[in-house]
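Participant: here you go, sequence then predicted model.
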Amino acid sequence: MTDFEETVQRWNRGEIAIGLDRGLARRFFTDQGLSTIEQRTGERPVIAWALVFGAFLVGPIALIASLVLAAMTLRVWSLLAIPVGLIVYGVNWARSATRRAGLVGLSFALAVSILVVATDPAWNWAASAMTFTFVLGLWAVRCTYVVAPRFLRALVLRNHRAFELLREHIVIRAVQPGEGTVGGASPP
């Protein structure tokens, strides 16, 4: 039995947790095209690549849109709001690469901002749209860093060439009794 087969079996039994660095996973999908990934792994993960790369693009586009809307809506106050927004965006980007950053809080904020846009009177559309696009930008950045490792872990567990390519970056740890899930444990 190869090291790859043994690792996959142990993960499927929930004996080990497999982790990959969030930044590495994001770069795997955003810094190379599908043809390069296919060339290196023999697999063309179209959906994973499209979702990660799409979220990677949506983040800055939504930020720019929110800053333009802030300038239109807040006028003089945008001189304060825009720098604060840029700082919040930068902190979110840095925090998103950490292991503990999840999607729940930002998903809730995104849902609330969608609700506000949907129920807001027409006279206040720019303020609602500004809030929605800003939160969408934060959510897209976080989403990029949360889903990329999951997609990459799935690729590594089903594709021997991807496993070998990323072997030095794969973190494997034993799962303690009562920890983890069926079909593999949470990442380390």
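Facilitator: That came through fine.
Participant: what segments of this protein are strands?
Facilitator: Assigned by DSSP state E, the chain shows strands spanning 16-19, 171-174.
Participant: centre of the chain to the top helix by length along the chain, how far?
Facilitator: Longest among the helix segments of the chain by residue count, using DSSP state H, is helix 125-158. Counting by CA atoms, centre = their mean, to the nearest Å, helix 125-158 is centred 5 Å from the centre of its parent chain.
Participant: now it: buried residues?
Facilitator: The neighbour-count check on helix 125-158 (16 or more other CB atoms under 10 Å) flags 127-149, 151-153, 155-157 as buried. Bear in mind the C-beta positions are built from the backbone N, C-alpha and C, glycine included.
Participant: just send the strands of the chain back as TSV, with mean neighbour count too.
Facilitator: Listed next are those as TSV, based on neighbours: other CB atoms under 10 Å:
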stretch	mean neighbour count
strand 16-19	20
strand 171-174	12
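Participant: which ones are touching Cys82?
Facilitator: Actually, residue 82 is Ile. It isn't Cys. Leu67, Ala70, Ala71 (CB atoms under 8 Å, 6 or more residues apart in numbering).
Participant: ok, and the closest non-adjacent residue to the residue most central in space within the chain?
Facilitator: Nearest to the mean C-alpha position of the chain, counting by CA atoms, centre = their mean, stands Thr144 at 2.2 Å. Nearest non-adjacent residue to Thr144, counting by CB to CB, 6 or more residues apart in numbering: Ala55, 4.4 Å away.
Participant: let me know the pLDDT of that neighbour.
Facilitator: Residue-level confidence at Ala55 comes out at 97, pLDDT.
Participant: reformat the contacts of Ile82 as JSON lines; add neighbour count, pLDDT and distance to Val117.
Facilitator: Shown next, in JSON lines, are the contacts of Ile82 (neighbours: other CB atoms under 10 Å; pLDDT from 0 to 100; distance: CB to CB, whole Å):
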{"residue": "Leu67", "neighbour count": "20", "pLDDT": "97", "distance to Val117": "17"}
{"residue": "Ala70", "neighbour count": "24", "pLDDT": "95", "distance to Val117": "15"}
{"residue": "Ala71", "neighbour count": "15", "pLDDT": "95", "distance to Val117": "19"}
